[in-house]
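**Student:** okay, structure incoming, though there's no sequence with it:
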Ligand code: RNT
Ligand code: ZN
């Protein structure tokens, strides 16, 4: 049976429960996912040869890591050829592209250092999101925006301000708003004597950063909290309460990374609470295994629950970005899996008659809610997904695996 025939049958089944699959596919196509460039090179970037620091870690030594901007761009193209729809790319400041022999420190970065990325995005109709890189740098060894050393703190303030200008440049050039997300690794391994002073300094630094003039319709600044990092187990300056309050008071986006909470806390349950108080919300979708391990996103219960909350509360209110880095498997595969799984999760949420279930809840018919939720899980989501891939000219089902392996043998395996 062809993909088309199976789709027609699925469509009839969904029509019976009040779901218009053609309309759903139109909606899915218009939900952009911001694809993080850092999966391709284990978060190394191009601006300095140092190690990855800041309490985050890639593990694994799979061959084929992108070593240059050209390689990274080629790899991202390969990924986009296997992912349906139009998306965004998410860059870190450490991915600046310099002229031969040029060296520019992070506080001096300018839009021109990202001109090649703009060219890349423009040619493909993609938007760009951005992140100051407050780690993997000699001046981030102790602390950044919360540093007790005023010179160091000012360096990172200037870096973040430079990033706002670069974000504005992306938005202007591409005509698509840029989400600029601030995350800093600052914290302490052991119990601090003073929890307040670093937070007061971080608050002051943020005030200085967002105090510069910028176009708020083009740049959405987000702040990302975290419960702990490697080497920062006891205290993180930018905790959830800190940033949630800061964002609320200053009209910024609060970014929730689902690896950044206690392991039994779920971001799916936070989305509606946040949207009661914020117009928009930003997410880093990842998968923590026992801790903030940044495993590749799977089509699992929590990802689908996050997708459901996005869909029922308005996909136009949530900026979805991926954030994982797995160096133990083919990196192209990691990206494709994460992107496709996030899209599958969104699709599965769109294929549920959510309003009907909400109505049943309203009538306290909770047994039926439960029963229907379980029944809908086995509806033919896969037939609709396959048709979506076919319609968008990307590999159907596991076809992409052979393409990925071909790229591995022809391109990645030559990178030695
Ligand atoms: C780290 C944060 C942060 C980074 C990226 C590289 O725990 O999740 O978002 O992963 O900025
Ligand atoms: Zn994150």
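**Tutor:** Looks like it arrived, so ask away. Remember, predicted model here, so these are calculated numbers, not experimental data. Ligands and ions are numbered 1, 2, ... in the order given.
**Student:** for ligand 1, what's its nearest residue on the stretch 101-250 of the chain.
**Tutor:** Shortest the stretch 101-250 of the chain-to-ligand 1 distance, computed as Cβ to the nearest ligand atom: residue-wise this is residue 183, at 4.4 Å. The C-beta positions use only the backbone N, C-alpha and C, and glycine is treated the same way.
**Student:** measure that residue to residue 198 for me?
**Tutor:** Counting by Cβ to Cβ, to the nearest Å, the gap from residue 183 to residue 198 is 15 Å.
**Student:** who's more crowded, the two?
**Tutor:** Neighbours per residue (other Cβ atoms under 10 Å) separate residue 183 from residue 198, with residue 183 holding more: 26 against 22.
**Student:** and residue 155, what does it touch?
**Tutor:** 106-107, 139 (Cβ atoms under 8 Å, 6 or more residues apart in numbering).
**Student:** switch the cut-off to 7 Å
**Tutor:** Going by Cβ atoms under 7 Å, 6 or more residues apart in numbering, residue 155 touches 107, 139.
**Student:** now stretch 342-351: how far from the chain's centre is it?
**Tutor:** 17 Å (Cα atoms, centre = their mean, to the nearest Å).
**Student:** next: stretch 233-248.
**Tutor:** 19 Å.
**Student:** quick one: buried residues of that stretch?
**Tutor:** 235-240, 242-244, 246-247 (16 or more other Cβ atoms under 10 Å).
**Student:** relative to residue 301, which of these is nearest.
**Tutor:** Among those, residue 240 lies closest to residue 301 (Cβ to Cβ), at 22.4 Å.
**Student:** dump the residue contacts of the closest residue to ligand 1 within the stretch 301-416 of the chain.
**Tutor:** Per Cβ to the nearest ligand atom, residue 323 is where the stretch 301-416 of the chain lies closest to ligand 1, at 4.8 Å. For residue 323, the contact set (Cβ under 7 Å, 6+ apart) comprises 36, 257, 284-286, 294.
**Student:** nearest to residue 384, of these?
**Tutor:** So of these, ranked by how close each gets to residue 384 (Cβ to Cβ), first place is residue 285, at 21.1 Å.
**Student:** buried ones in stretch 369-387?
**Tutor:** For stretch 369-387, the neighbour count (16+ other Cβ under 10 Å) marks 369, 372, 376, 379-381, 383-387 as buried.
**Student:** how about the strands of the chain, start to end?
**Tutor:** 33-36, 88-92, 127-131, 178-182, 187-188, 219-224, 235-236, 253-257, 281-285, 287-289, 291-295, 318-322 (DSSP state E).
**Student:** would CSV of these with distance to ligand 2 and mean pLDDT be doable?
**Tutor:** As requested, these are exported to CSV (distance: least, Cβ to the ion, whole Å; pLDDT from 0 to 100):
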stretch, distance to ligand 2, mean pLDDT
strand 33-36, 9, 98
strand 88-92, 10, 98
strand 127-131, 9, 98
strand 178-182, 8, 99
strand 187-188, 15, 98
strand 219-224, 6, 98
strand 235-236, 13, 98
strand 253-257, 4, 98
strand 281-285, 4, 98
strand 287-289, 11, 97
strand 291-295, 8, 96
strand 318-322, 8, 98
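**Student:** now distance to residue 24 too, for those, in CSV please.
**Tutor:** Output for these, formatted as CSV (distance: least, Cβ to Cβ, whole Å):
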stretch, distance to residue 24
strand 33-36, 17
strand 88-92, 21
strand 127-131, 23
strand 178-182, 25
strand 187-188, 43
strand 219-224, 27
strand 235-236, 39
strand 253-257, 25
strand 281-285, 20
strand 287-289, 25
strand 291-295, 28
strand 318-322, 17
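**Student:** contact residues of this structure facing ligand 1?
**Tutor:** Contact residues (Cβ under 6 Å from any ligand atom) of the chain with ligand 1: 38, 43, 56, 131, 183, 224, 226, 257, 284, 292, 323.
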